[in-house]
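Participant: need a structure here:
(chains A, B and C)
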Amino acid sequence: MNTTVGEIADLVKGRLIRGAREVELTNFAALDQADATCVSFFGNPKYKDQLAATEAGLVLVPDDSVEVPETAALVLVDNPILAFDSIVKAFGIKPPAFEAGIHETAWVAPDVVLETGKVSVLANATVSAGVSIGAGTRIGSGAVIGERVVIGEDCEIGPNVTIREGCILGDRIVLHAGVVIGGDGFGFEFVEGRHQKIDQLGIVRVESDVEIGASTTIDRARFGETVIGEGTKIDNQVQIGHNVIIGKHCVIVAQTGISGSTRIGDYVTLAAQCGIAGHITIADRVTCGGRSGVIASIKEPGGTYFGYPARPLKDDRRESMRIKQLGSLFKRVKKLEEGAES
Amino acid sequence: MNTTVGEIADLVKGRLIRGAREVELTNFAALDQADATCVSFFGNPKYKDQLAATEAGLVLVPDDSVEVPETAALVLVDNPILAFDSIVKAFGIKPPAFEAGIHETAWVAPDVVLETGKVSVLANATVSAGVSIGAGTRIGSGAVIGERVVIGEDCEIGPNVTIREGCILGDRIVLHAGVVIGGDGFGFEFVEGRHQKIDQLGIVRVESDVEIGASTTIDRARFGETVIGEGTKIDNQVQIGHNVIIGKHCVIVAQTGISGSTRIGDYVTLAAQCGIAGHITIADRVTCGGRSGVIASIKEPGGTYFGYPARPLKDDRRESMRIKQLGSLFKRVKKLEEGAES
Amino acid sequence: MNTTVGEIADLVKGRLIRGAREVELTNFAALDQADATCVSFFGNPKYKDQLAATEAGLVLVPDDSVEVPETAALVLVDNPILAFDSIVKAFGIKPPAFEAGIHETAWVAPDVVLETGKVSVLANATVSAGVSIGAGTRIGSGAVIGERVVIGEDCEIGPNVTIREGCILGDRIVLHAGVVIGGDGFGFEFVEGRHQKIDQLGIVRVESDVEIGASTTIDRARFGETVIGEGTKIDNQVQIGHNVIIGKHCVIVAQTGISGSTRIGDYVTLAAQCGIAGHITIADRVTCGGRSGVIASIKEPGGTYFGYPARPLKDDRRESMRIKQLGSLFKRVKKLEEGAES
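Facilitator: Numbers count the residues shown, from 1 in each chain, chains lettered A, B, ... in the order given. Down below sits the predicted model:
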């Protein structure tokens, strides 16, 4: 961005209570990351120490009694969080504008069903035979949409995404770059010293309002469907095996893996780097802490789990505490032994 | 699919022993996932409870004395597993038919060696100079084949795959979408405060009948070869470092990482999310459980290992058991202390 | 390669002290991996046992008193490591030569700023509107460069890489195949039973001399910048969350994940499969061992940490030792109990 203290004060309809209007600003940042070129904001009393030490060129503040280094201009606003948001919206990176049309370097098979003038297919994308794409959907550059894939309306299919044949996507889905939907499930039978492939003839169905992070992979079902439920949000580099069924409005954080045929309920949270065994069930509203390894079904809804093997949080804490106290336990046993000897 | 109870009974050459021929069926699923639109099957007595509770519209059964809800039609067959397989094959997703030819949007360098009429290069794929491709091989849309790569016969190179310069692939290899073969190994020398790159001048050699899952990455050797042995099957998001040598007919499950210069024997199984240190050896037929961390060579063939650091399964179990009993140990020590005091 | 013992002796200016000049050699390998077709080298006394057992066709040796099987020809050189390096350089895989120009199948938006004749854009690559690319930079086949991205000089952007809109790269950066720079950060607010997306309007800035491994993903900032500091080297399949700031000359090994808003100092090493929590700080020159899970800030520079939760190496070792001794502790307590009873 390329603005000044005065322009920011005007934009957020605030009052400049310290500093000069003409000072230039080129960036925005949190209080502890800001330098003299940045506008920042004080929206939460718990950041008082950061405010007192900030190097920001301008801080949006809710009252004039706060302690801020002299180097910062101050603009008084009702709600610094909302005011800062409006600056971010005004000057932040804008996603590319949606422009309907098929790019001259894209390839779209002749029988693809899409409403001309309402779908965007970007450069070097490939849309195979039998595909159907809803209005308002954009296919990113380099993306590959396999045969007979069905994509709903207002979806954002990122660059270099792959959706394999036959998979079905709802509406308002976001797939970030490099996502792979519908690779074969990992299934082999060991016959006479060799692994024979078990055909993977099902699909992946992604329900509406799902978002999937960069380079996440979701395998097609052995038969039937691998399902990602409505509104579920999946982070980068997550791996989801064949025939997994994930409920609605779950949150699955980066680098988590879910093995084949497992069923995850609704409103489940799996923090980063979890591993979930195959053929188990996780009940609704369960939360698994970072790096949990779930090897057996969790049937009671709503609990918080941790560790490997995952167990209720308080059991995990108690065990960790005991392990921490092992040093003193060894000493206590030694003392008992010395007492017994004497 | 779009069929009826009667058509399914005919297809599997079974006998309809309950229900109406004209009931429509549109999907297939396991007993516990099926609804009224689905055909399912009862192939293993251990699923008796699922059978008794299934909501399937039609179940293939091996005898007429089984207990199944009244809502399900029943078709009697000799072998429900084989019968169901034939339905899946008839109605499941078919991989795109192989059609030889170079797509008009693909780019194939003039000197590429391929038998015209026997190789398929799909849309927006890139085949660089000096490449050689065997008959029956398909290069997926958006795939990039680097200079002087050699690919054998009947390989399936998935969409958006990258194979870097000089790598060598055998026959009947399957690479799923997003795989990267032949990126540089991660090697640097620390010189005067900076990391200097060590040239990575070797290749990756993938032997015949290997299958590699989506977004898996295999680095080229520092010199010589990184090798994936014949018949080995690798799942999604596996990372294999430079100069790793993997034997024949191994199974390496999702999100496992193998550090540089390690040698894995034949028929080794690494379950999901394992980490294998560099410069070690794992003997033939070793199995490492999910999330094992192997930090030293395993020289004895055939064992099962677990934990981090990985150790024989029974040692890992014993240790876990002891940790579980820590609570009672603390109590026992306390009781001893009380006895000593009194 | 396709050479002979005599040609190798000449190339390294060595003296053939055993074997025939005309024996053919086709590969190079370490002592323990070499067969009769390979040249190898003995550069470090610790590999004496490997030397005594090698099957190499030719070994470069520093003196004539070493013990090597009769099957190997021997060439005497001053420094076998340097001599072998020169062979690898002469015969190893060469990266494709840099040829300036825009490939006929690439798409480069009309307003892109690049010095014609000094930039290379390979087949099926996409360079969007508003992009600027420095001299000596190569954009790999199938790569997608988003709107208004800025790339410096002499960068190597690998095949099928994605750089999303607005991100900024310095000079001499290497991005390996499948890297994704600038996907949205994973940020949602839970409102009335649904996860609402928080706009991600910042960018990723990658400073000069950074190298990033295949399929690594780095998310754009919520606002401001996610930063990868100068000279930092990142391995394959690493995940870096939004607003993370990584210092200069760090080494981050494969499959590590760093959660949002965390700050990593300079010269930090994170070994493979680490997990770093969000909103914490890691001081300069800290080393975290493989698979460490860092859940709280590490404020003291220079230490080595291990385990989950990560702690100083010696604490981790001591705890592991105590756990190993649990078996004997149980026995000791049992003995005390028996003594107390009698």
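Participant: what's whichever residue of the stretch 51-200 of chain A sits closest to chain C sitting at in phi/psi?
Facilitator: The stretch 51-200 of chain A approaches chain C most closely through residue A:92 (2.7 Å), counting by Cβ to the nearest Cβ. All C-beta atoms are positioned from the backbone trio N, CA, C, and that covers glycine. Dihedral angles of residue A:92 (phi, psi; degrees, to the nearest 10) stand at phi -70, psi 170.
Participant: and it, what does it touch?
Facilitator: A:28, C:199, C:201, C:202, C:223 (Cβ atoms under 8 Å, 6 or more residues apart in numbering or on different chains).
Participant: Find me the pLDDT at it, would you?
Facilitator: Per-residue confidence for residue A:92 comes out at a pLDDT of 85.
Participant: any idea how far it is from chain B?
Facilitator: 29 Å (Cβ to the nearest Cβ, to the nearest Å).
Participant: Same check on residue A:34?
Facilitator: 28 Å.
Participant: hang on, residue A:84 in a helix?
Facilitator: Yes. Under DSSP: H, G, I helix; E, B strand; the rest coil, residue A:84 sits within a helix.
Participant: In contact with it, which residues?
Facilitator: A:12, A:28, A:39, A:40, A:41, A:43, A:60 are the contacts of residue A:84 under Cβ under 8 Å, 6+ apart.
Participant: Now for chain A, the helix or strand with the poorest mean pLDDT.
Facilitator: Ranked by mean pLDDT, DSSP states H and E, the weakest helix or strand in chain A is strand A:27-28, scoring a mean of 86.
Participant: Partner strands of the helix or strand following it and their direction?
Facilitator: For strand A:27-28, the following helix or strand on the C-terminal side (DSSP states H and E) is strand A:38-41. Using DSSP bridges, the strands paired with strand A:38-41 are strand A:27-28 (parallel), strand A:58-61 (parallel).
Participant: What number of residues are in the vicinity of residue A:18?
Facilitator: 16 (other Cβ atoms under 10 Å in any protein chain shown).
Participant: where does it land on pLDDT?
Facilitator: Reported pLDDT for residue A:18: 95.
Participant: ok, it touching residue A:76?
Facilitator: No. Taking Cβ atoms under 8 Å as the definition, residue A:18 is not a contact partner of residue A:76, at 9.4 Å.
Participant: Quick check: the gap between the residue of the stretch 101-250 of chain A found nearest chain B and residue A:169.
Facilitator: Closest approach between the stretch 101-250 of chain A and chain B, counting by Cβ to the nearest Cβ: residue A:201, at 2.7 Å. Taking Cβ to Cβ, to the nearest Å as the measure, residue A:201 falls 19 Å from residue A:169.
Participant: More neighbours: those two, which one.
Facilitator: Using other Cβ under 10 Å as the criterion, residue A:201 and residue A:169 rank with residue A:169 on top: 26 against 23.
Participant: So that one sits against residue A:154, correct?
Facilitator: No. Shown here, residue A:169 and residue A:154 do not form a contact pair, counting by Cβ under 8 Å, at 11.1 Å.
Participant: Overlap of the contact sets of the two?
Facilitator: Counting by Cβ under 8 Å, 6+ apart, nothing touches both residue A:169 and residue A:154.
Participant: related to what we said a few turns ago, which of the helices or strands spans the residue of the stretch 101-250 of chain A closest to chain B?
Facilitator: Here residue A:201 sits in a region with no helix or strand, counting by DSSP H and E.
Participant: which residues sit in contact with it?
Facilitator: A:221, A:222, A:223, B:88, B:89, B:92, B:93, B:94.
Participant: what do you get if the cut-off is 7 Å, keeping everything else the same?
Facilitator: Neighbour list for residue A:201: A:223, B:88, B:89, B:92, B:93 [criterion: Cβ atoms under 7 Å, 6 or more residues apart in numbering or on different chains].
Participant: Now the phi/psi pair for it, please.
Facilitator: The phi/psi pair for residue A:201 (degrees, to the nearest 10) is phi -110, psi 10.
Participant: Please apply the same query to residue A:304.
Facilitator: phi -120, psi 130.
Participant: what residue lies at the spatial centre of chain A?
Facilitator: residue A:235 (3.0 Å; Cα atoms, centre = their mean).
Participant: What separation do you get for it and residue A:185?
Facilitator: 22 Å.
Participant: per-residue pLDDT, the residue nearest to residue A:132 when sequence neighbours are not counted?
Facilitator: Counting by Cβ to Cβ, 6 or more residues apart in numbering or on different chains, residue A:113 is the residue found nearest to residue A:132 once chain neighbours are left out, at 4.1 Å. Residue A:113 is assigned a predicted lDDT (pLDDT) of 94.
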